[in-house]
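>>> Below are the sequence and a predicted model for it; my questions follow.
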Amino acid sequence: MIRKWFIPVVSLAVLFAVAPVWAAKSAAVLPDVSLTAQAQHPNESDPGNEHKHHKGKMTRKDFEAYRLEKLKEIATYFGIQAEGKTAEQLKKEVEAAKVANKEKWEAFKAEHQAKRLEHLRNIAKEHGISTEGKTSEQLREELFQLHGGKGKRPHRLEDHDRANEDDNTKQKAKQSEV
């Protein structure tokens, strides 16, 4: 019985004794994983970081500056002092103000939707599109069609159309109830 188990036990003992040595040698041969990961995904704090946002037009630094400007604009609207605060502090205060003053937040959104509509009307006029009585969505759709449908993904259009159909059926149901 002892002879039967002797060879496997000895071979396992030798294997466990040599395993740390093999592991140390293989670790020395393999490249450093942290260096390769950093080369593929550079940190945001790297000065040479040129990761692009929004279809390659903005770098990360540009995008963060843009977000900070938007936060400052909202903070000014709510009467929050924005000077000397980090983006995180400002964001927390703006979120608290949004919750506390829901009517004021809705008014802010309405102002910006009006600005967006005016911007779309100006663009549509430049392209010779009539703007009277059209919503921003209608203007966007006409500009989209004018430019040959560039940049719009088909599944998004389907989702949008499906949502409009659902809204129309709900409105008709409400009208029939009244």
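Structure received.

>>> thought residue 123 was touching residue 143?
Yes: Residue 123 is within contact range of residue 143, at 6.5 Å (criterion: C-beta atoms under 8 Å). Where you see a C-beta, it was placed from the backbone N, CA and C, and this is true even at glycine.

>>> where exactly do the strands run in the protein?
All strands of the chain, identified by DSSP state E, fall at 52-53, 58-59.

>>> quick one: least confident helix or strand in the chain?
helix 33-40 (a mean of 50; mean pLDDT, DSSP states H and E).

>>> Okay, now the unreliable bits of the protein?
1-2, 22-56, 150-168, 170, 174-175, 177-178 (pLDDT under 70).

>>> If we use 90, what do you get?
With pLDDT under 90 as the threshold, the chain has low-confidence stretches at 1-65, 80-87, 120, 123-178.

>>> Can you report how many residues neighbour residue 90?
When counting by other C-beta atoms under 10 Å, one arrives at 19 neighbours for residue 90.

>>> Ok, the one 3 residues further on next?
Other residues within reach of residue 93 by the criterion other C-beta under 10 Å amount to 18.

>>> which residues touch the spatially closest residue to it that is not a sequence neighbour?
Using C-beta to C-beta, 6 or more residues apart in numbering and skipping the chain neighbours, the partner closest in space to residue 93 is residue 80 (5.3 Å). By C-beta atoms under 8 Å, 6 or more residues apart in numbering, the contact set of residue 80 is 90, 93, 94, 97.

>>> Could you find which two of these are furthest from each other?
Farthest pair in the contacts of residue 80 (C-beta to C-beta) is 90 and 97. Separation: 10.4 Å.

>>> who touches both of these two?
75, 80.

>>> which residues touch the nearest residue to residue 81 once chain neighbours are set aside?
In space, and not counting its chain neighbours, residue 81 is closest to residue 75: 7.6 Å by C-beta to C-beta, 6+ apart. Going by C-beta under 8 Å, 6+ apart, residue 75 touches 81, 82, 90, 93, 94, 97.

>>> Tabulate the contacts of residue 80 (a markdown table), appending distance to residue 11.
Below are the contacts of residue 80 laid out as a markdown table (distance: C-beta to C-beta, whole Å):
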| residue | distance to residue 11 |
| --- | --- |
| 90 | 66 |
| 93 | 68 |
| 94 | 67 |
| 97 | 71 |
